[in-house]
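**Student:** structure for the following, please:
(one chain, ligands or ions: 2)
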Amino acid sequence: MIITGGAGFIGSHVVRLFVNKYPDDRIVNLDKLTYAGNLENLTDIDRKSNYVFEKADITDAGRIRDVFEKYCPDGVIHLAAESHVDRSISNPMEFIMTNVVGTVNLLNAARALWNGNFEGKRFYHVSTDEVYGSLGREGFFAETSPYDPRSPYSASKASSDHLVRAYHHTYGLPVTLSNCSNNYGPNHFPEKLIPLSINNIKNSKPIPIYGKGENVRDWLYVLDHARAIDTVFHNGRNGETYNIGGNNEWTNIDLIRLLCRIMDSKLGRPEGTSAQLITFVKDRAGHDMRYAIDSSKLQRELGWKPSLQFEEGLEKTADWYLANEKWLQGVISGDYEKYYQKQYSSR
Ligand code: NAD
Ligand code: TYD
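**Tutor:** Ligands and ions are numbered 1, 2, ... in the order given. Predicted coordinates:
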């Protein structure tokens with residue numbers, strides 16, 4: 001099978017889970033290695049005999065067709081994307097190219113390879129709850145909620161979701177989709193809220209909170225998302241969408257206060273030290289107020305549920321970042337990107 005975006009945050013956890021759990025399946029990690037893709041995330045499994053890495057850009061239709069013809073996958077799990085809302089506000093076109101055009105290239109490659117013979121085949125598209133827009137104080141996103149994307153990132157993901165469903169209805173392509181809430185955990189790129197705050201607390205730098213910090217997100221531990229993807233890929237019904245969430249809503253400011261307490265205790269600082277770093281900054285343009293997911297369909301039909309309490313998951317995450325200083329410095333300095341440019345420039 002091919003897993004796209006397998007060098008990224010969530011993708012690396014999915015690749016590891018599949019490589020270890022399914023030794024008889026050959027797992028091809030297809031990734032362009034953008035700033036967010038880091039093969040250091042996979043050093044523990046990259047020598048396994050059922051793991052292969054292919055550096056490829058999903059916007060390159062010819063290259064994607066070649067990779068599909070080379071490996072003849074029965075399954076595709078598509079995670080490759082431009083994923084950071086703030087970057088989508090400053091550069092929307094890159095999001096359209098990767099998230100929309102790239103997804104269509106993958107759909108075309110799968111359709112051409114399978115050529116109407118869909119027995120045992122599956123194209124699984126991994127998406128976000130942000131396609132549903134923004135909630136007020138009440139209510140949850142269900143699979144039936146209308147799409148109402150409000151950032152270039154969520155609009156590009158919504159567009160890709162529609163195209164995946166269109167290929168199912170028009171050509172019969174066997175697909176599943178899932179829309180998940182905010183993930184956190186090891187290997188999260190340190191420009192996102194939780195890893196950025198951990199790093200800044202460690203270095204006694206300001207923690208930037210957009211607006212008043214009242215925006216609400218539903219946080220899920222990344223390994224629970226990877227387990228949900230495994231469940232949907234193997235047991236989900238053809239053509240169906242499953243919402244995945246942690247049932248774990250936090251305002252940004254409450255989350256950061258909790259993280260500050262955890263970090264004070266881990267760093268041996270008096271309680272209240274890290275909270276002094278909280279700095280309210282200009283709000284994100286069009287900042288969605290609240291995301292909250294109803295994942296009862298996945299729980300009821302496929303028996304998945306989140307395994308970790310948030311406090312426990314946040315502690316594990318803080319421990320991971322404190323123990324993996326080298327990984328963090330490599331990412332922040334961009335050293336790994338320079339290495340890839342050299343390593344792959346001749347290919
Ligand atoms: P990420 O940014 O950490 O990783 C994305 C990966 O895709 C990187 O390895 C990158 O190199 C690769 N990539 C980017 N452009 C590519 C291209 N043109 N060709 C090939 N590879 C390319 O993202 P993530 O947080 O791991 O998210 C993975 C998926 O899950 C995305 O589709 C995202 O929309 C979705 N998702 C993320 C979250 C979250 O909280 N992070 C929540 C719900 C859904
Ligand atoms: P983020 O991690 O970028 O995820 P998303 O925008 O996809 O939900 O941000 C999570 C929340 O934290 C979001 O409401 C924006 C806010 N935020 C800050 O307050 N400060 C920051 O420095 C960042 C990166 C995000």
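
**Student:** what about Glu94, neighbour count?
**Tutor:** 16 (other CB atoms under 10 Å). Any C-beta I mention is one placed from the backbone N, CA and C, and that applies to glycine too.

**Student:** and the spatially closest residue to it that is not a sequence neighbour, how far from Tyr22?
**Tutor:** Spatial nearest neighbour of Glu94, excluding adjacent residues (CB to CB, 6 or more residues apart in numbering): Glu82 at 5.5 Å. Glu82 is 28 Å from Tyr22, where distance means CB to CB, to the nearest Å.

**Student:** before we move on, the earlier item: can I assume the residue nearest to Glu94 is in contact with Ser151?
**Tutor:** No: taking contacts as CB atoms under 8 Å, Glu82 lies outside contact range of Ser151: 11.6 Å.

**Student:** overlap in contacts of these two?
**Tutor:** Common contact partners of Glu82 and Ser151 (CB atoms under 8 Å, 6 or more residues apart in numbering): Ser88.

**Student:** ok, for the residue of the chain positioned farthest from its centre, nearest residue in space, not its chain neighbours?
**Tutor:** Distance to the chain centre peaks in the chain at Pro270, reaching 34.6 Å (criterion: CA atoms, centre = their mean). For Pro270, ignoring the flanking residues on the chain, the nearest one in space by CB to CB, 6+ apart is Asp264 at 6.9 Å.

**Student:** residues touching the one you found, list them.
**Tutor:** Asp264 neighbours (CB under 8 Å, 6+ apart): Pro270, Glu271, Gly272, Thr273, Ser274.

**Student:** state the three-state secondary structure for it.
**Tutor:** Secondary structure assignment for Asp264 (DSSP: H, G, I helix; E, B strand; the rest coil): helix.

**Student:** dihedrals phi and psi, the one residue in the stretch 1-150 of the chain that gets nearest to ligand 2?
**Tutor:** Proximity of the stretch 1-150 of the chain to ligand 2 (CB to the nearest ligand atom) peaks at Val85, 4.1 Å away. Per-residue torsions, Val85: phi -50, psi -50 (degrees, to the nearest 10).

**Student:** how close does the residue nearest to Glu94 get to ligand 1?
**Tutor:** 6 Å (CB to the nearest ligand atom, to the nearest Å).

**Student:** can you check Ile209 too?
**Tutor:** 18 Å.

**Student:** tell me the SS of that residue?
**Tutor:** Quick answer, by three-state DSSP: Ile209 is strand.

**Student:** which residues touch the closest residue to it other than its chain neighbours?
**Tutor:** Of all residues not flanking Ile209 in the chain, Phe280 sits nearest, at 5.3 Å (CB to CB, 6+ apart). With CB under 8 Å, 6+ apart as the criterion, the residues that contact Phe280 are Ile209, Gly211, Lys212, Gly213.

**Student:** relative to Ser156, how far out is Ile27?
**Tutor:** Distance from Ile27 to Ser156, by CB to CB: 26 Å.

**Student:** residues from this structure in reach of ligand 1?
**Tutor:** 4-5, 7-11, 31-34, 36-37, 57-59, 79-83, 98, 102, 126, 128, 157, 180, 182-183, 189 (CB under 6 Å from any ligand atom).

**Student:** need the buried ones from those selected in ChimeraX.
**Tutor:** Buried residues among the residues of the chain next to ligand 1 (16 or more other CB atoms under 10 Å), as a ChimeraX selection:
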select :4,5,7,8,9,10,11,31,32,33,34,36,37,57,58,59,79,80,81,82,83,98,102,126,128,157,180,182,183,189
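
**Student:** now the residue farthest from the centre of the chain: phi and psi?
**Tutor:** Taking degrees, to the nearest 10 as the convention, Pro270 sits at phi -60, psi 140.

**Student:** in this structure the residue of the stretch 1-150 of the chain closest to ligand 2 contacts Ser151, no?
**Tutor:** Yes: counting by CB under 8 Å, Val85 sits close enough to Ser151 to count as a contact (5.0 Å).

**Student:** pull up the overlap in contacts between those two.
**Tutor:** Glu130.

**Student:** give me the pLDDT value at the nearest residue to Asn99 once chain neighbours are set aside.
**Tutor:** Nearest residue to Asn99 in three dimensions, chain neighbours excluded: Ser156, at 3.8 Å (CB to CB, 6+ apart). Residue-level confidence at Ser156 comes out at 98, pLDDT.

**Student:** burial count for Ser156?
**Tutor:** Neighbour tally, Ser156, other CB under 10 Å: 27.

**Student:** with the one 5 residues further on instead?
**Tutor:** When neighbours are defined as other CB under 10 Å, Asp161 has 21 of them.

**Student:** with Val104 instead?
**Tutor:** 18.
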